[in-house]
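> 3D model of this:
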Amino acid sequence: MQPGQPSRTARAAAAHRAAHQILEQGRVFTDPLALRILGEDSAALVQEAEQNPYRRAMRMFIAARTRFAEDALAQAVAQGLSQLVVLGAGLDTYAYRSALGQRLRIFEVDHPATQAWKRQRLADAAIALPPNLTFAPVDFERQTLPQGLAAAGFDPARRTFFTWLGVVPYLTERAVFDTLAYIASLPAGAQVVFDYANPPASLEPQARAILERRAAQVAELGEAWLSYFEPEPFHAQLSALGFPTIEDLGPVQIAARYFPERPGSGREKGGHILRAASY
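Alright, predicted model coming up:
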């Protein structure tokens, strides 16, 4: 991420979410605000996708991880959870469209430059700010996540759900585990949903080539991928931090759940979507 500039990968993820609404009619994940908040022409998004067909896999993965996170959140809210933190919110639209929003106190955490860009996009698109939403700008070079949340009025005594999508690969392992340790330490209990990838060296040649191409693309944007994990040792580390409940969907499970029309298309290794709960 360039100093003083919004995250370019946040724009890319938003473009994938918007393109999914057009090209697949939001079949996996429906977001009526995805195109509106992006502020770009639908024909241009379609053209971009058609010119880069290899991006379809990433588009569908982003749709699946968002659907997984919001389904898990809905279940948690049904069980009484009342606080949501969206880490690395980018142009996420959950707070502005969810029917569950009034039952939640929502905090959006992001770098100040990216958050300022989002607020301008919301204003330009005439998307109203819900009263239960609080922006928590955090510059991680100057403050910690607990400090940023405390300044925004976050209540650590309330059971909380964290979404952390499209962020973990860009962080160092220390930053990943520091964040997870904080979430696990919250006294009322918490859940977190995030995505991660297996190390490139563990993948089959074709999958490795795809991953390395994507890694090179984001590195060119100044936002390189830094962390990869293998499921078994990663789960052991999560358990040691204080997460007794772990649900991890790898490529095979993602394909079976969200793309049943493509049996056997999922690889054993690649991108994962994980939910961890401390209670």
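> ok but residue 176 is inside a strand, no?
No - per DSSP: H, G, I helix; E, B strand; the rest coil, residue 176 lies outside any strand segment and is helix.
> for residue 36, give me the pLDDT.
If you check residue 36, the pLDDT there is 96.
> which other helices and strands contact the one helix or strand it maps to?
Assigned by DSSP states H and E, residue 36 belongs to helix 34-38. Counting contacts by 3 or more Cβ pairs under 8 Å, 6 or more residues apart in numbering; DSSP states H and E, helix 34-38 is packed against helix 8-23, helix 42-51, helix 112-124. Heads up, the C-betas are built off the backbone N, CA and C, glycines and all.
> looking at the ones you listed, which is buried most?
Counting by mean count of other Cβ atoms under 10 Å, helix 8-23 has the highest mean neighbour count of the helices and strands packed on helix 34-38, with a mean of 21.
> what packs against that one?
helix 34-38, helix 42-51, helix 56-78.
> okay if I get those as TSV plus distance to residue 251?
TSV is the format used below for those (distance: least, Cβ to Cβ, whole Å):
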stretch	distance to residue 251
helix 34-38	24
helix 42-51	21
helix 56-78	9
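> could you tell me the least trusted of those?
helix 42-51 (a mean of 89).
> could you list the residues in contact with the helix holding residue 36?
With contacts defined as Cβ atoms under 8 Å, 6 or more residues apart in numbering, helix 34-38 is touched by 11, 14-15, 17-18, 20-22, 42, 45, 91, 93, 96, 118, 121-122, 125, 127.
> and that helix, C-alpha only, in PDB?
Extracted in PDB, the C-alpha atoms of helix 34-38 (Å, rounded to 0.1, in the frame of the first residue of the first chain):
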ATOM      1  CA  ALA A  34     -21.400  -3.800  -4.900                       C
ATOM      2  CA  LEU A  35     -21.500  -2.000  -8.300                       C
ATOM      3  CA  ARG A  36     -23.000   1.200  -6.900                       C
ATOM      4  CA  ILE A  37     -20.300   1.700  -4.300                       C
ATOM      5  CA  LEU A  38     -17.500   0.900  -6.800                       C
END
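> confirm that residue 272 sits in a strand.
Yes - applying three-state DSSP, one finds residue 272 inside a strand.
> what would stretch 98-117 look like as CSV? C-alpha coordinates only.
Extracted C-alpha coordinates of stretch 98-117, given in CSV (Å, rounded to 0.1, in the frame of the first residue of the first chain):
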residue,chain,number,x,y,z
SER,A,98,-27.9,-6.3,5.9
ALA,A,99,-31.3,-6.9,7.4
LEU,A,100,-29.4,-8.0,10.6
GLY,A,101,-27.7,-4.7,10.8
GLN,A,102,-30.0,-3.2,13.4
ARG,A,103,-29.3,-6.1,15.7
LEU,A,104,-25.5,-5.4,15.6
ARG,A,105,-23.1,-2.7,16.6
ILE,A,106,-20.7,-2.6,13.7
PHE,A,107,-17.1,-1.3,13.6
GLU,A,108,-15.2,-1.0,10.3
VAL,A,109,-11.5,-1.0,10.7
ASP,A,110,-9.1,0.1,7.9
HIS,A,111,-6.2,2.3,7.1
PRO,A,112,-7.2,6.0,7.3
ALA,A,113,-6.4,6.6,3.6
THR,A,114,-8.5,3.6,2.5
GLN,A,115,-11.3,4.6,4.9
ALA,A,116,-11.4,8.2,3.6
TRP,A,117,-11.6,6.8,0.0
